[in-house]
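Q: When you get a sec, could you give me coordinates for this:
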Amino acid sequence: MVGYTLEEVARHNGRIEPRCWIIVRGVVYDVTDFMAEHPGGAELIAERAGTDATSAFEDLGHSSDAKKILKKYEIGWLAETGGRESSEEAPTSDLAVAEGVPIKKSNWRQRRKFLSMILGPCAST
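A: The predicted model follows:
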């Protein structure tokens, strides 16, 4: 596995580089090929591409199956953490800027509530 800097991950946001990478607990994933299959829609991943998506991933209460699927897309670790879990206070958990393009923080709790209303209990498993 390879260590990546925050700057390298930020470039892979689907706009600057065509691939979409995310960070979850200090591990870097290339989720480009999974986006079309994501049950919540590709746009949920696209909004977090190039950033630390740990908070969003954990706030949505992903199942153990989802965690196994994510593992298939692992490409490395965040060099700044040495592969350790990133903290909630990490600067990329709120907002990342790549090449001067701000990436918005989305309201994941609101989306989760919306998905729960539409999908029922299966939205949080």
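
Q: drop to CA atoms for contacts and neighbour counts, all remaining ones
A: Will do.

Q: Could you find the closest non-adjacent residue to residue 45?
A: Leaving aside its sequence neighbours, residue 45 sits nearest to residue 35 (C-alpha to C-alpha, 6 or more residues apart in numbering; 6.7 Å).

Q: Do I have it right that that neighbour meets residue 49?
A: No: judged on C-alpha atoms under 8 Å, residue 35 makes no contact with residue 49 at a distance of 10.5 Å.

Q: ok, the two, which is more surrounded?
A: residue 49 (28 against 17; other C-alpha atoms under 10 Å).

Q: right, and that one touches residue 18 too?
A: No: using C-alpha under 8 Å, residue 49 is not in contact with residue 18, being 10.6 Å away.

Q: intersection of neighbour lists for these two?
A: Counting by C-alpha atoms under 8 Å, 6 or more residues apart in numbering, the shared contacts of residue 49 and residue 18 are residue 12.

Q: Next one: residue 69 from residue 3, what distance?
A: 21 Å (C-alpha to C-alpha, to the nearest Å).

Q: where exactly do the helices run in this structure?
A: For the chain, applying DSSP state H gives helices covering 6-11, 42-48, 54-59, 64-71, 108-119.

Q: returning to that earlier point: tell me who's in contact with the residue nearest to residue 45.
A: Contacts of residue 35 (C-alpha under 8 Å, 6+ apart): 41, 42, 45, 46.

Q: Show me which of the residues you listed is closest to residue 76.
A: For the contacts of residue 35, the minimum distance to residue 76 (C-alpha to C-alpha) is 18.2 Å, reached by residue 45.

Q: And for that closest one, the neighbour number?
A: Residues contacting residue 45 under the criterion other C-alpha under 10 Å number 23.

Q: Counting neighbours, what do you get for residue 60?
A: 17.

Q: so where is this structure shaky, pLDDT-wise?
A: 81-125 (pLDDT under 70).

Q: switch the cut-off to 90
A: 1, 15-17, 36-45, 56-67, 80-125 (pLDDT under 90).
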